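Asker: heads up, no residue letters with this:
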């Protein structure tokens, strides 16, 4: 598949040295560290569904629990069905936050160029670093050792020349792994990956790519820019760059987060109220999980609806008090949808965002 019209080839900056650090099963690891009797047992960070009437979702689970197929954002009830012997813990956010801040201090002893992405992951640009070590691999090993020495927590790291590849690399050898992808090996590494392993390609896009016969990076690599734009719109340009290992985005060093949101584009438009309700609940749970990861709560819900005609409508509603529960997010989002929603046209995108957010401080965080 090809076209006579082509975009100019994008520039690839391979001069940087980027590390992505992802703490291993962070919340449950903190719990195991502080309560050694939990080691070797399946630990699930969520309220026990017997206490909530089956409501709530999993924040995270340790590796023993993941052997049962339990993962974050799964309903706590399903987690219980999969692993009745699992140990459900509501969570101790102050302890998680303290550990996270300790880890950031360790990182900043190495470089000032640190971009925290959530409570348990961050990027570091170590092209020039305070240790005056040229090898980013050596720096990453030093960082992992120091994190464990000072916190007794393990981390996995990915090292490469950009954020996109470093992020994928950090997930390759968990837990306590280190994966290094130099520029000369980047494209071969990406071409061998299943498409669902690409950061930024979610389940819906994966399904669409599978429909098009795109299962591995190699399949994506064979498509030219015009093909990808035709299939995926503006995102097609991003996929073209990513499969070629191109991601020149700098680290963002000032992250004063003002909102937390999730949105999904549907390749098959939504035409029924039941579909919309299911998607709004799914989005609500994803936003709740994100709020918990960032230690935030908010007062305002913003609903975004894009129709098949590409007409896009956004509406917002505020609550009298702060909230962070999926039920409240869903309730407010559904109220907004009842005012503006119209399935006859076909809905191609839904989004929910919580804004007017503040930090959860000085309280025991009741995770889900």
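Answerer: Thanks, I have it. Not measured: the values here are computed from a predicted model.

Asker: list the contacts for residue 310?
Answerer: Counting by Cβ atoms under 8 Å, 6 or more residues apart in numbering, residue 310 makes contact with residue 348. For glycine as for every other residue, the C-beta is placed from the backbone atoms N, C-alpha and C.

Asker: for it, give me phi and psi.
Answerer: phi 80, psi 0 (degrees, to the nearest 10).

Asker: per-residue confidence for it?
Answerer: With respect to pLDDT, residue 310 has a value of 75.

Asker: same question, residue 247
Answerer: 95.

Asker: how many other residues sit next to it?
Answerer: Per other Cβ atoms under 10 Å, the neighbour tally for residue 247 reads 22.

Asker: can you start the count at 3 instead of 1 from here on
Answerer: Okay, residue one is now 3; in that scheme the one you just asked about reads as residue 249.

Asker: strands of the stretch 3-152 of the chain, start to end?
Answerer: For the stretch 3-152 of the chain, the strands defined by DSSP state E, counting those that start in this stretch occupy 20-25, 45-47, 62-63, 89-91, 116-120, 123-127.

Asker: including mean neighbour count, mean pLDDT and distance to residue 241, could these go into TSV?
Answerer: Below are the strands of the stretch 3-152 of the chain laid out as TSV (neighbours: other Cβ atoms under 10 Å; pLDDT from 0 to 100; distance: least, Cβ to Cβ, whole Å):
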stretch	mean neighbour count	mean pLDDT	distance to residue 241
strand 20-25	26	98	20
strand 45-47	27	96	33
strand 62-63	26	92	29
strand 89-91	20	96	39
strand 116-120	18	92	21
strand 123-127	22	97	21
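
Asker: want to throw the ones you listed into CSV with distance to residue 281?
Answerer: As requested, the strands of the stretch 3-152 of the chain are exported to CSV (distance: least, Cβ to Cβ, whole Å):
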stretch, distance to residue 281
strand 20-25, 28
strand 45-47, 25
strand 62-63, 24
strand 89-91, 27
strand 116-120, 23
strand 123-127, 27
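
Asker: ok, which of those strands comes nearest residue 157?
Answerer: strand 20-25 (5.1 Å; Cβ to Cβ).

Asker: ok and that closest one relative to strand 116-120, angle-wise?
Answerer: 40 degrees (axes from the mean of the first three to the mean of the last three Cα atoms, to 10 degrees).

Asker: ok so, going back, quick one: which of the strands of the stretch 3-152 of the chain is nearest residue 179?
Answerer: Among the strands of the stretch 3-152 of the chain, strand 20-25 sits nearest to residue 179 (Cβ to Cβ), with 9.6 Å.
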